[in-house]
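**Q** just the structure for this:
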Amino acid sequence: MYDIVIVGAGPAGATLARLLGKKLKILIMDKRQLLDMNSKSNFEKCCGGLLAPDAQQMLAKFGLGIPKDILVGPQLFTVRTIDIQNNIEQYYQRHYINVHREKFDKWLVSMVPPEVTVVCEAVFKRFEIANDNNIKVQYFEQGKERTIYTKVLVGADGAFSTVRRKISLDSRNPKTYISIQEYYKMNSNLPYFSSIFDDDITDFYSWTIPKDDLLVLGTAVMPKNKPYEKFMALKKKLILRGFEFGPCVKKNGAYLLRPEKLDQICLGKANIPLIGEAAGWISPSSAEGLSYSFKSAYALANAIQKRPDSIIAEYYRNTNKLRINIRLKHLKSPFMYNTFLRKIAMKSGLMSMDIIN
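**A** Numbering: from 1, shown residues only. Got it, this is the predicted structure:
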């Protein structure tokens, strides 16, 4: 019998296990192999791997510093913002940290206390409530079905959360996108990240991120909107704007959530809470999710310790500031995604900078 079983060992799940691992009996599982820093997982997170200032602040609060082998070059300070509809470009200073996402996740798992049982290459299948109100959890590991019991089951299994789908009783789910990324050999060095706005491609945004000798091109597209055709159309438009893409060496994709209303964030029910993107904690303006993973894990850890008999109610109270933050992102979104308002904002040159060649 475990006190807590966590499904998903990404930043949210690993953080929760690290915070509570010495105080409670915990098992955490993930479909990836995250215990071997040198192994390559068959399931790679489709993520740009940029740590925004809010995520950096949470790492600072946790007293953590990123090891140098997690970092990837170049470390850049400029975002080239391209508005294709309005034919406007501006440069903005931003302070992101460029990391290798898989190594970053493995580093977070490496700090989970040894008292925690970490199960990798495991696929969560189902759960059911037992007569004593404990939870029967079934998962597959190395082709064999395993059964364990726990007092609390935590869903930290990302945007297409199996745990959330099994407990959700309504259709109030965040807007869903397909995130597509391709990695190309770089023919020239780019001294900036880029964000691209093009209503013909998506009502969200697209991006490029240099990673060592590779250039990542990504976009978030509605699933029913011919996503890969839209991706290739984006690539052609960027080539016309001077981007150079070498041979493609890697591709990945995943679901991406975008909460349009606060009631689309689901904290869970009873003794089955959700954290990170599984709950819908992600920025509706930028899709930044790492800071929300850290903050929601911290909020739940405090709730479990303070009120184990009323976890969801305490978790809700602990996330008041997170909901305010999401609401502020909603207010910001029209100035990024409404074509007319975006034109006014970019034409004003507010907070933009000139590039000196």
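**Q** doesn't residue 56 belong to a helix?
**A** Yes - counting by DSSP: H, G, I helix; E, B strand; the rest coil, residue 56 is found in a helix.
**Q** that one reaches residue 97, doesn't it?
**A** Yes - counting by Cβ atoms under 8 Å, residue 56 does reach residue 97; the two are 6.4 Å apart. Every residue, glycine included, has its C-beta placed from N, CA and C.
**Q** my read is that residue 18 contacts residue 114, right?
**A** No - counting by Cβ under 8 Å, residue 18 sits too far from residue 114 to count as a contact (11.4 Å).
**Q** what about these two, which has more around it?
**A** residue 18 (22 against 8; other Cβ atoms under 10 Å).
**Q** now do the contacts for the more buried one.
**A** Neighbouring residues of residue 18 by Cβ atoms under 8 Å, 6 or more residues apart in numbering: 108, 111, 112, 113.
**Q** just residue 188 next, same as before
**A** residue 244.
**Q** got any ranges where the protein has weak pLDDT?
**A** Applying pLDDT under 70 to the chain flags the ranges 39-44, 46, 169-171.
**Q** which residue lies farthest from the center of it?
**A** Most distant residue from the mean C-alpha position of the chain: residue 131, 35.5 Å away (Cα atoms, centre = their mean).
**Q** check which helix or strand covers residue 15.
**A** helix 11-20 (DSSP states H and E).
**Q** for that helix, list the C-alpha coordinates in CSV.
**A** Output of helix 11-20 as CSV, limited to C-alpha atoms (Å, rounded to 0.1, in the frame of the first residue of the first chain):
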residue,chain,number,x,y,z
PRO,A,11,8.6,18.3,-14.1
ALA,A,12,5.2,18.3,-12.2
GLY,A,13,5.4,14.6,-11.1
ALA,A,14,9.1,14.6,-10.3
THR,A,15,8.8,17.8,-8.2
LEU,A,16,5.9,16.4,-6.2
ALA,A,17,7.9,13.2,-5.5
ARG,A,18,10.9,15.2,-4.5
LEU,A,19,9.0,17.4,-2.1
LEU,A,20,7.1,14.5,-0.4
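**Q** and the helices in this protein?
**A** 11-20, 53-61, 101-110, 162-167, 227-240, 290-306, 311-318, 320-332, 334-337, 339-348 (DSSP state H).
**Q** tell me which residues are up against stretch 54-69.
**A** By Cβ under 8 Å, 6+ apart, the list of residues contacting stretch 54-69 reads 15, 51, 95, 97, 99, 103-104, 107, 111, 288, 290-291, 294-295, 298.
**Q** no, scratch that, I was asking about stretch 305-312
**A** 20, 23, 152, 267-271, 273, 300, 303-304, 313-314.
**Q** how about that stretch: buried residues?
**A** Of the residues in stretch 305-312, 311, 312 count as buried by neighbour count, 16 or more other Cβ atoms under 10 Å.
**Q** same thing with stretch 112-131?
**A** Going by 16+ other Cβ under 10 Å, stretch 112-131 has these buried residues: 112, 116, 117, 118, 119, 120, 121, 122, 124, 127.
**Q** list just the nearest of the residues you listed to residue 209.
**A** Of all the buried residues of stretch 112-131, residue 209 sits closest to residue 120, with 27.0 Å by Cβ to Cβ.
**Q** any idea how far that closest one is from residue 212?
**A** 26 Å (Cβ to Cβ, to the nearest Å).
**Q** fine by me, we can end here.
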